[in-house]
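Visitor: prediction below, plus the sequence it came from.
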Amino acid sequence: MERLSTRLLSWASMLDDKTVEQARTSSSMPFIHPHLALMPDAHLGKGATVGSVIPTLGAIMPAAVGVDIGCGMIAVRTQFRRDQLVAHDLSVLREQIERAVPLSAGHANRKVVATAEPRVAELEALAEKAGFDPSAYAGHWRLQLGSLGSGNHFIEVSVDELDRVWMFLHSGSRGVGNKIATHHIAVAQRLAKKWWIELPDPDLAYLVEGTPEFTRYIRELRWAQHFALLNREEMMDRVARQLSEVMGETVVEHERINCHHNFTESEKHFGKQVWVSRKGAIQADAGLPGLIPGSMGTASYVVEGLGNPLSLNSSPHGAGREYSRSAARRTFTHAQLREAMAGIEFRDTDAFIDEIPQAYKPIDQVMADAADLVSIRHTLRQLVNVKGD
């Protein structure tokens, strides 16, 4: 860990000047308590750095939570072994998963399927209790429950160091969460203009605890976080059904972990009750299980938190980008992507060049930097990778 200033601590050994400057700016906001923590995967984000843990007293910056509210990971350990899985045609499994789960930006289910019905009902009841209608943000939100999205979201079937088969996926609150976040970022920015509040960056606009705007944001944020969690649960159940069909045997779940890495919670740190916004970071209380994915084609990790107080009980959420998507497309080739994905069943298309492992920080270095934040329980290696364009 390196102390970059009295209000900025960093666990990142790979950090560019622009990211440091952005983090310094965020840490200068007057309600930060006691300091902002940069995770090993930190990189430039909207307003606040991706891979940062931001504790605030009496205020929240919606952009510092992120626009994919509740984005995170879910993993399930099954009873299957590697030799059982590879005895089957893995392209069949990949194609079945691709048919069962809508992929790519804007894609949704054609109808609310039976497994999604109770989850949709739960979200409807939660929205009514929160006093808002999610359809005002996205009329088809019910149909997006159980859909993956695009970018760095993925579904994988992997094996751990003991050759046990895991299902692993990454997604968030889809279009409805994005629109909720975008709305409240705009509200915070309008309030800043109304009250002549000078900000170092418009995306650091904030909502003040106790105001109607803050209360509404928290209610809708919590709804979106729960949507993201149930979205992952729904997709995982579908992946399990496809794996069961291919294996000819019902999946037995030995372990299930579901965790956010774009979210806000009220927590006590350094003697104060603060709002902890983890933008690209997972909660890592002592003994708490968590998930840290690598990039496409590399290892992912099942971890256990160490409860490091200086990190505000947090850890990285993944590898963290080194190249922007446009820069990755200019730098890398389809042939290099194929080479990086050797031995992994995936949809072989140049649409994924911007997700090539070389566009990200080396996950092994990220995990080495996080040695005092989490301990590694399992290392997962992909055999099947599913992504949206």
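Guide: Nice, I can see it.

Visitor: which SSE is the residue of the chain positioned farthest from its centre in?
Guide: Most distant residue from the mean C-alpha position of the chain: Trp196, 34.0 Å away (Cα atoms, centre = their mean). Under the criterion DSSP states H and E, no helix or strand holds Trp196.

Visitor: so what's it scoring on pLDDT?
Guide: Note for Trp196: predicted pLDDT of 97.

Visitor: cool, Ser150 as well?
Guide: pLDDT, Ser150: 89.

Visitor: separation between it and Thr264?
Guide: Ser150 sits 24 Å away from Thr264, going by Cβ to Cβ, to the nearest Å. Heads up, the C-betas are built off the backbone N, CA and C, glycines and all.

Visitor: ok so, going back, quick one: contacts for the residue farthest from the centre of the chain?
Guide: If you count contacts by Cβ atoms under 8 Å, 6 or more residues apart in numbering, Trp196 has none.

Visitor: and it, how far from His184?
Guide: Note on Trp196: its distance to His184, by Cβ to Cβ, is 20 Å.

Visitor: now swap in Glu255 and tell me
Guide: From Glu255 across to His184, the span is 35 Å (Cβ to Cβ).

Visitor: same thing with Gly271?
Guide: Distance of Gly271 to His184, given as Cβ to Cβ: 29 Å.

Visitor: and if you look at Gly58?
Guide: Gly58 is 17 Å from His184, by Cβ to Cβ.

Visitor: more neighbours: the two, which one.
Guide: For Gly58 versus His184, neighbours defined as other Cβ atoms under 10 Å are more numerous around His184 (24 against 16).

Visitor: beyond the helix or strand containing that one, next helix or strand please.
Guide: Secondary structure assignment for His184, by DSSP H and E: helix 174-194. Next along the chain after helix 174-194, taking DSSP H and E as the criterion, comes strand 207-208.

Visitor: can you tell me what sits against that following strand?
Guide: 58-62, 184, 187-188, 191, 213-214, 217.

Visitor: for these, which one is nearest Leu8?
Guide: Met61 (15.6 Å; Cβ to Cβ).

Visitor: do you know how far that closest one is from Phe31?
Guide: Counting by Cβ to Cβ, the gap from Met61 to Phe31 is 9 Å.

Visitor: same question, His269
Guide: Going from His269 to Phe31 by Cβ to Cβ gives 14 Å.
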